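Participant: build me a model:
(one chain, ligands or ions: 1)
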Amino acid sequence: MGHASTRSVALIGLSAHVVDVEADAAPGDSELHLVGLPEMSVWPARARIRAAILNSGTAWPDARITVSVAPVIPPVYDAAADLALAVALLAAASVIPPERITGRVFLGELALDGGIRPVRGVLPMVAAAVRAGISRVVVPADCAREAAQVPGAVVMPVTQLADVVDQLRHGALRDHDNQEPECAPSSPFAVDLADVSGNQAARRALEVCAAGGHHLFLSGDGPATMLTERLPGILPPLSEQAAREVAEIYSLAGRLHRAPGLRPPLCAPHHSETPAAIFGSVAANRPGALSLAHRGVLHLADAPEFTSPVLDGLCQALDSGQVHLAGHGRSIRYPARVTLVLDSRPCPCPEKRRCACTPEARRRYRARLALLLPRVAVRAPVEWGDRGAREGEPSATVAARVLAARVRAAHRLADTPWWTNAEVPAPDLRTRFPAAPEASELLRSAVNTGLVTADGLPRLLRVAWTLADLRGAGRPQLDDAAGALELWKGADGDGTR
Ligand SMILES: [Zn+2]
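Facilitator: I've put the predicted structure just below:
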């Protein structure tokens, strides 16, 4: 009889914790006891591990096996620890030499037939192991490429518990020859702003939002989706840090193969999606569309059609830059710093020609966005059939202006935690980054006349800063303030809606 220990990793949201898995074999009832975890969450694990071991051609140890995972985080058993539990209990029962499983992290869910299933979140889990000084990681073969993206990781891919047992008994596990990690290719953007004719106001609004990170509202019946699809193409490439954040979120979602590389992501969930699909699920520890759009663009097409829980929840997430979910005895935060693009037709009718909506019906339709719209500083109309209009500028030309403006802002914000004008808090706009006196005066008078609420004032100041950055000026002048007001009024000529 004996004792063995190894390591695995538990995830809470995106924060990964290396855990100790210890097993003890003693004379007794041939049962597997998992201590420290709620019974409800462990009985399926116990059944899986037992079946996987028996179906791998290994006899179940003739001993009472006790396994513990410490610290217990999260308070729900995570199937990614199955493989670590299985090798620990087999080592405690002297089926494999205990010293061969120490100094390694084991990740993988067991199938009843002894196969090793891929798990979500391998990228943040392996990164945590390497940070904790454990570079040798045993992962499901389907996750090996993902694990190999972590610098310093020595990855051992496995597909069957029988092979793991065999290799550990007769020598060490074979290392995966760490080839060039194949990141999801950052595809050159196939769509270009040159394809969108006319819509000058909307194109300008798109450029301002790209330069300052501001949210955008496109109203009317027009090419809102075409324009939004072209927004990532004019945003600067992600920094290494931002790309790493995005990759970890896609890994946790089990979609790293869809990660955008250095391109800012674009997510456009359908309005029929559930709140869990938008915000994520605490039970499954799976991020939603809002976090998959982190450091990129979240597009809500036909925004008033989204459910109230989604529209209300977005307000909180936009304000804090993260999604906070609680339940099942845990509390999870996912990053969600996005540029939001909303669009709305004037009314719910699918066909404009047959519309018989009253002004009241149209007002009610738009009123569904009453909480969100005050958070959106830039608005513009979109329309079809602007055919005679001259061809638009190509994305590359606009992207160059956006980049120049971003560089100016980054220089100014160098010793702050903020990356874009849209993130600068209101108090700092007053004290550290004031506009020219006549610009501030104009915006204050807009508050006095009721065009802008007091809460809206800082949003206009941020846009004014972006307009100044776009023209290469040192700080916002009167014209920039006037430009910010125009963008605030947008399509309706009425900033209060
Ligand atoms: Zn209608």
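Participant: so what's the most centrally placed residue in the chain closest to, chain neighbours aside?
Facilitator: Relative to the mean C-alpha position of the chain, the nearest C-alpha, by Cα atoms, centre = their mean, is the one of residue 291, at 2.7 Å. Leaving aside its chain neighbours, residue 291 sits nearest to residue 334 (4.1 Å; criterion: Cβ to Cβ, 6 or more residues apart in numbering). (Glycine included, C-beta is placed from N, CA and C.)
Participant: partners of the helix or strand where that neighbour lies in the sheet?
Facilitator: Assigned by DSSP states H and E, residue 334 falls within strand 330-335. Sheet pairing here is set by DSSP bridges, and for strand 330-335 it gives strand 322-327 (antiparallel).
Participant: buried set for the partner strand?
Facilitator: Using 16 or more other Cβ atoms under 10 Å as the test for burial, strand 322-327 gives 322-325.
Participant: just the C-alpha atoms of it, please, in CSV.
Facilitator: Extracted in CSV, the C-alpha atoms of strand 322-327 (Å, rounded to 0.1, in the frame of the first residue of the first chain):
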residue,chain,number,x,y,z
GLN,A,322,-15.8,42.9,-17.4
VAL,A,323,-18.6,40.3,-17.0
HIS,A,324,-19.3,39.3,-13.4
LEU,A,325,-21.2,36.1,-12.9
ALA,A,326,-22.1,34.4,-9.6
GLY,A,327,-23.7,31.1,-8.8
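Participant: what's the following helix or strand after the longest strand that the chain contains?
Facilitator: Secondary structure of the chain per DSSP state E: the longest strand is strand 15-26. The first helix or strand that comes after strand 15-26 along the chain, using DSSP H and E, is strand 32-35.
Participant: so which bits of that next one are buried?
Facilitator: Result for strand 32-35 [16+ other Cβ under 10 Å]: buried residues 32, 34.
Participant: about what we covered before: just the angle for the strand holding residue 334 relative to strand 15-26, thanks.
Facilitator: 140 degrees (axes from the mean of the first three to the mean of the last three Cα atoms, to 10 degrees).
Participant: who touches strand 330-335?
Facilitator: With contacts defined as Cβ atoms under 8 Å, 6 or more residues apart in numbering, strand 330-335 is touched by 12-14, 74-76, 245, 249, 280, 282, 285, 287-288, 290-291, 294, 321-326.
Participant: kindly report the residues of the stretch 301-450 of the chain close to the ion.
Facilitator: Where the stretch 301-450 of the chain comes near the ion, counting by Cβ under 5 Å from the ion, the residues are 347, 349, 355, 357.
Participant: can you select the buried ones from those in PyMOL?
Facilitator: Selecting the buried subset of those in PyMOL, with 16+ other Cβ under 10 Å as the burial test, is done by:
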select buried, resi 347+349
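Participant: hmm, back to that, tell me which of the contacts of strand 330-335 fall in helices.
Facilitator: 245, 249, 290-291 (DSSP state H).
Participant: was I right to think residue 69 contacts residue 76?
Facilitator: No - using Cβ atoms under 8 Å, residue 69 is not in contact with residue 76, being 11.3 Å away.
Participant: between these two, which is the more surrounded one?
Facilitator: residue 69 (23 against 18; other Cβ atoms under 10 Å).
Participant: how about the more buried one, what does it touch?
Facilitator: 8, 10, 19-21, 34, 36-37, 77, 81, 85.
Participant: quick check, pLDDT for it.
Facilitator: Note on residue 69: pLDDT of 87.
Participant: how about residue 240?
Facilitator: 88.
Participant: for the chain, which helix extends over the most residues?
Facilitator: helix 395-412.
Participant: for the buried residues of strand 322-327, work out which two are farthest apart.
Facilitator: 322 and 325 (10.1 Å; Cβ to Cβ).
Participant: can you list the strands that the helix or strand just after the strand holding residue 334 pairs with?
Facilitator: Later in the chain than strand 330-335, the nearest helix or strand by DSSP H and E is strand 339-344. Sheet pairing of strand 339-344 (DSSP bridges) gives strand 216-219 (parallel), strand 297-300 (parallel).
Participant: past the first one, which element shows up next along the chain?
Facilitator: The one in question is strand 216-219. Strand 216-219 is succeeded, C-terminally, by helix 224-229 (DSSP H and E).
Participant: got the buried residues for that next one?
Facilitator: Those buried within helix 224-229 under the rule 16+ other Cβ under 10 Å are 224-225, 227-229.
Participant: among those residues, which are in reach of the ion?
Facilitator: Okay, of the buried residues of helix 224-229, nothing touches the ion (Cβ under 5 Å from the ion).
Participant: out of those residues, who's nearest the ion?
Facilitator: residue 224 (17.1 Å; Cβ to the ion).
Participant: identify the farthest-apart pair in the ones in helices among the contacts of strand 330-335.
Facilitator: By the measure Cβ to Cβ, the ones in helices among the contacts of strand 330-335 have their two most distant members at 245 and 290, which lie 13.9 Å apart.
Participant: of those two, which one has the most company?
Facilitator: Higher neighbour count among residue 245 and residue 290: residue 290, with 27 against 18, using other Cβ under 10 Å.
Participant: leaving out the residues flanking it, which one is nearest to the more buried one?
Facilitator: Nearest non-adjacent residue to residue 290 (Cβ to Cβ, 6+ apart): residue 336, at 4.7 Å.
Participant: same question for residue 394.
Facilitator: Nearest one to residue 394, counting by Cβ to Cβ, 6+ apart, is residue 194 at 4.3 Å.
Participant: measure that neighbour to the ion for me?
Facilitator: The gap separating residue 194 from the ion is 33 Å, by Cβ to the ion, to the nearest Å.
Participant: count of neighbours near that residue?
Facilitator: Neighbours around residue 194, by other Cβ under 10 Å: 15.
Participant: so it touches residue 392, yeah?
Facilitator: Yes - the pair residue 194 / residue 392 is scored as a contact, 5.5 Å apart, by Cβ under 8 Å.
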